[in-house]
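> Show me how the following folds:
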Amino acid sequence: MSSQKLGSVELVRPVVFDYGTPAKFLRALFEYYKKTGSFSLRQRTQRTGGLSQTLVSQIINGHRQVTRDNLPCLALVFKLTKIEQDYLDKQLLGNVLKVVANAPEQKESSKREAKNHILSDWIHPYVKDLVNIKGFSPEPQHLHRMLSGIATPDKIKKSVDFLIREGFWRRTPEGKIVPEDHTVTTTNEIPNDNIRSFHKKALDIAQRGISALPSHRRKSSTVLVSVDKNKMDELRGLVDSFQQQLLDFIEKNPQGKDSLVQVAIHLTPVGAIYEESET
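Coordinates of the predicted model:
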């Protein structure tokens, strides 16, 4: 994830995996570039060729479609990484296949409601994903033990109430708590302070795991990379690619019951001889 400072505001480059369509991602990327002051759509379209400024404007405003034919030119205009272009291409290919097959799954997926306020408190994702674990019970003291005491029972109770109230969980007619299958979560447009709070707590939990757990029950790895400035987006793309592999794994294994594990991925500058700026 790329970020820049604009005064006291941190600008975060949109993450392609957070967007349901290529056009929405390109629109978010356009807004990000505008805020950095380093992007002119007119200059980019003139420099790269292949697409007019009018057509690109229509695409990001939802009046024209992104296609597999115009994606390579859009990738040049918006300076997409290879990871981003490949992911958008897969989205487009998936849409083509669904149209050809007239797949009923398309109707089902359109019912899924994206919710982006799961990080209004860092505890919500941890409590939410316990629902499939063996021995689950919504009783706060029980969840407190399942989470090895990372939060107080009172905080957990508030999270349980939130998850039910906001539709991340639902009660069956028999009174059982189950995940709401038609709800998906996204980090899109979540305030930076909320994301930062979640990341800080994730690091705290990882640090506690290093101290308390034997090596065969955890995995910690740190790789230091010296990288040229013009290769940073490629390096971030590798992290994004691994994140997508994790998401694919979760999709293929949606209801693991034995353990809730945290996978924390970080790319953090620790030393540089230049001030980062866009040209």
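> Let me know the secondary structure of the residue of the chain most remote from its centre.
Going by CA atoms, centre = their mean, the residue of the chain most distant from its centre is residue 174, 33.9 Å out. Following DSSP: H, G, I helix; E, B strand; the rest coil, we place residue 174 in the coil state.
> please renumber so the chain begins at 59
Fine by me, first position is 59 from now on; the one you just mentioned is residue 232.
> Just confirm residue 100 contacts residue 111, I think it does.
Yes. Between residue 100 and residue 111 there is a contact under CB atoms under 8 Å: 5.2 Å. Where C-beta positions appear, they are placed from N, C-alpha and C, glycine not excepted.
> which of those two has more neighbours?
Using other CB atoms under 10 Å, the more surrounded residue of residue 100 and residue 111 is residue 111, with 15 against 11.
> Which residue comes closest to that one once chain neighbours are left out?
Using CB to CB, 6 or more residues apart in numbering and skipping the chain neighbours, the partner closest in space to residue 111 is residue 103 (4.5 Å).
> Mind checking what secondary structure residue 328 has?
Look at residue 328: counting by three-state DSSP, its state is coil.
> Can you give me the distance of it to residue 283?
Going from residue 328 to residue 283 by CB to CB, to the nearest Å gives 10 Å.
> Give me the more crowded residue out of the two.
More crowded of residue 328 and residue 283, by other CB under 10 Å: residue 283, with 8 against 5.
> so who does the residue nearest to residue 111 touch?
109, 110, 111, 114, 135 (CB atoms under 8 Å, 6 or more residues apart in numbering).
> next one: phi and psi at the fourth one?
Looking back up the chat, that one is residue 114. Dihedral pair for residue 114: phi -60, psi -40, per degrees, to the nearest 10.
> Counting neighbours, what do you get for it?
24.
> Just to check, it is in contact with residue 129?
No. Taking contacts as CB under 8 Å, residue 114 lies outside contact range of residue 129: 11.9 Å.
> So residue 70 versus residue 211, what's the distance?
34 Å.
> actually residue 180, sorry about that
Distance, residue 180 to residue 211, by CB to CB: 16 Å.
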